[in-house]
Every structure is written in C-alpha cells, then in structure tokens.
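Participant: Fold the following and give me the result.
(chains A and B)
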Amino acid sequence: RKEVEQDPGPFNVPEGATVAFNCTYSNSASQSFFWYRQDCRKEPKLLMSVYSSGNEDGRFTAQLNRASQYISLLIRDSKLSDSATYLCAAPGDGTSYGKLTFGQGTILTVHP
Amino acid sequence: DVKVTQSSRYLVKRTGEKVFLECVQDMDHENMFWYRQDPGLGLRLIYFSYDVKMKEKGDIPEGYSVSREKKERFSLILESASTNQTSMYLCASSITDATYEQYFGPGTRLTVT
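Facilitator: I've put the predicted structure just below:
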C-alpha cells in the first residue's frame, strides 16, 4: 500500500457544484495532515492543515477519519478559479525531521 | 510570510554538465528539502537537511548530492546531468515542530539535452 494515495481524477465539475476528494494514508501514528493546491507550472501552496477531526475555511472543509485512515477535502460552491491540482500530504512511515509524503494529486477542473 | 526562493526558474544544461540549484529561505527554518516532480509520479523527495551540514537521503538520491553550509541555503548538485534528470525541481522548508508544514519555492524547470 502506498503511504499516501489519492484518486488522480480528473474531476470535471460545473461552477457552483460541491466536490470532494479523499486521500488515504498508511501511517496510523500521523498527527498532522495537509492539503496543498498547485496551479499549472507553479509550486504547491498550503491550502489547509488538519490536526484533529477537521478544519474549515470558507468554502473549503477538510476532515479526518482516523478509523479508516483517510482525509477528505470538500469544496462547496466551486469557482472557475478553484481549477488546480490538489495534493494531500502526511508524515510518512518512520518519518523524522518534518518529512512529508505527498499523494500524486487530484486534478480538478471547474467549467462554466 | 515565509519566503523560499530558488536561483533559476528555467535552466537548460547539456548531458554531463555539473548543475547547481540553489534554494534560500528567510524564516530561519531548520529543515530544508529538495523534491523533483514529474507527471504521473508526483513529488519525490531527493534529499533533505535538518541542520547546517546535516543531510539525509530521500527516496531518489541517486545522481544527486546536496550542500548546506548555512542555515538559510540548501543546494542541490547534479554531478553529471543526464536526460532523465529533466524535471521540475522544488525546494521546501519547514520549522522543527510537530506541525510538519512545508513551504515551497517557485521551482526550477531543468531541461537536460
């Protein structure tokens, strides 16, 4: 099993739709999780951090399910500007010194 | 705001050349990382450093070396560039605490011909 795994998509949704991505992780001891947004040919930028059950920031909600070892990202009322690749990250197995393992990313396209 | 800068946005080198990629962060972070990103393969860790002069191999260190002589600067060296090292190279930094949040530089798109 990969340490961090995402459905690569692509997800194509209309403006205004609600879309959710899941990300599974293998290290049951992980305490912190992250969603990054990456625009085409740009660097990943931190979108949300998740340290307990979940986190909400405007239209974005991240949730953590420890029992099933996955995190999710919910985007409500999608905008054209939400089109990007969304990467999830978690401390990997046996990690140290702040190492993160990243999923391959989920591609989201929001169309008019 | 954390600022991570990389020496070049685009670089074209010839096979066999020695290539230096530099990364500088201005937030006094202890940890620094070098990744490469390729379509379908995601972000892969090449090397990381948790202190000055300290380094550890990541998942794909072959063909690369690193140098960290000052806390704010972390260099990636391609000893003899090859075409399969054509990639996007991303540097990141983080503080040593339980949060693990990493902040990325803008990336260097390296083409080896």
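Participant: Helix, strand, or coil at residue B:62?
Facilitator: coil (DSSP: H, G, I helix; E, B strand; the rest coil).
Participant: Next, the contact list for residue B:83, please.
Facilitator: Applying Cβ atoms under 8 Å, 6 or more residues apart in numbering or on different chains, we find residue B:83 in contact with B:15, B:112-113. (Glycine included, C-beta is placed from N, CA and C.)
Participant: now those residues as a markdown table including distance to residue B:69?
Facilitator: Converted to a markdown table, these look like this (distance: Cβ to Cβ, whole Å):
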| residue | distance to residue B:69 |
| --- | --- |
| B:15 | 28 |
| B:112 | 26 |
| B:113 | 30 |
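Participant: out of those, which is most surrounded?
Facilitator: Scoring the contacts of residue B:83 on neighbours with other Cβ atoms under 10 Å in any protein chain shown, the highest-scoring entry is residue B:112 at 19 neighbours.
Participant: Are we agreed that residue A:81 is in a helix?
Facilitator: Yes. Under three-state DSSP, residue A:81 falls within a helix.
Participant: Kindly tell me how buried it is, as a neighbour count.
Facilitator: For residue A:81, using other Cβ under 10 Å, the count is 8.
Participant: and what of the one 3 residues further on?
Facilitator: When counting by other Cβ under 10 Å, one arrives at 21 neighbours for residue A:84.
Participant: ok, what's across the strand from it?
Facilitator: Listed beta-bridge partners, residue A:84: residue A:108 (assigned using DSSP bridges).
Participant: do stretch A:53-68 and chain B meet at all?
Facilitator: No. Where contact is defined by Cβ under 8 Å from any Cβ of the partner chain, no part of stretch A:53-68 touches chain B; the two come within 12.7 Å at best.
Participant: picking that back up, which of the contacts of residue B:83 fall within helices?
Facilitator: If you go by DSSP state H, those have nothing in helices.
Participant: and those residues as TSV, adding pLDDT and distance to residue A:18?
Facilitator: Formatted as TSV, these follow (pLDDT from 0 to 100; distance: Cβ to Cβ, whole Å):
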residue	pLDDT	distance to residue A:18
B:15	98	49
B:112	98	43
B:113	97	46
